[in-house]
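*Asks:* Everything below, folded, please.
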Amino acid sequence: RCSRDRNETSSMSSWARRLFAFVILAVLMAAVGVRTWTAAQDPAEDVSDLVERGLYERAEVVARSELAQRRSVDALAEATASDALVRVLLLNGKGSQASTRSIAERALDIKQSRLGASHRDLAPSLINLGSALGEVAQHSRALGLLERAVALRQRTDAGTVLLAESLDALGIEMIRAGRM
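*Replies:* A predicted model of the protein is given here:
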């Protein structure tokens, strides 16, 4: 009888531990779900903030929405929104997709036609397209665009993080192309 009582107590404590673990797991899952739902409901989400937090999928959704809204506003606003989307797509591992390159090419075309070939605001578009082309091994074209971005930034943003980001993109592409 004593051994039977110990087995029942042991099985009850095992059952209690499982129940406790289940409750903890359910609470954690609920907390994550509420946080995710809250983030999805935030109308003021910023793509850059989402990227900084590593929420690339959500950043992509927000960037696509912003692009759709800005397409009807103005071509330069569309190009800027396109740059944000392409950046997220590159970070999200979608740089090699034809649609990513198409968006990047359109953004650069719009900016060049509206701002000219040497405007400082071309740099993000040059970096995006160069990086996307590098993803599909179009190294010579990618390097040309990235070198152009570095030259623009050296002229307009010397000594800033923007120049460092341009040099970083160029360095990555040089490694990819086997030139470093």
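
*Asks:* Tell me the confidence at residue 3?
*Replies:* For residue 3, the model assigns a pLDDT of 52.

*Asks:* any idea how far residue 96 lies from residue 166?
*Replies:* Residue 96 sits 21 Å away from residue 166, going by C-beta to C-beta, to the nearest Å. Using the backbone N, CA and C atoms, a C-beta is placed for each residue, glycine as well.

*Asks:* who has more neighbours, the two?
*Replies:* residue 166 (26 against 15; other C-beta atoms under 10 Å).

*Asks:* Verify the stated contact: that one with residue 128.
*Replies:* No: applying C-beta atoms under 8 Å as the test, residue 166 and residue 128 come out as separate, 11.5 Å apart.

*Asks:* Could you list the buried residues of the one helix or strand residue 82 maps to?
*Replies:* Per DSSP states H and E: residue 82 is located in helix 75-91. For helix 75-91, burial by neighbour count (16 or more other C-beta atoms under 10 Å) applies to 75, 77-90.

*Asks:* what packs against that helix?
*Replies:* Packing partners of helix 75-91 (3 or more C-beta pairs under 8 Å, 6 or more residues apart in numbering; DSSP states H and E): helix 47-52, helix 56-71, helix 98-115, helix 123-135.
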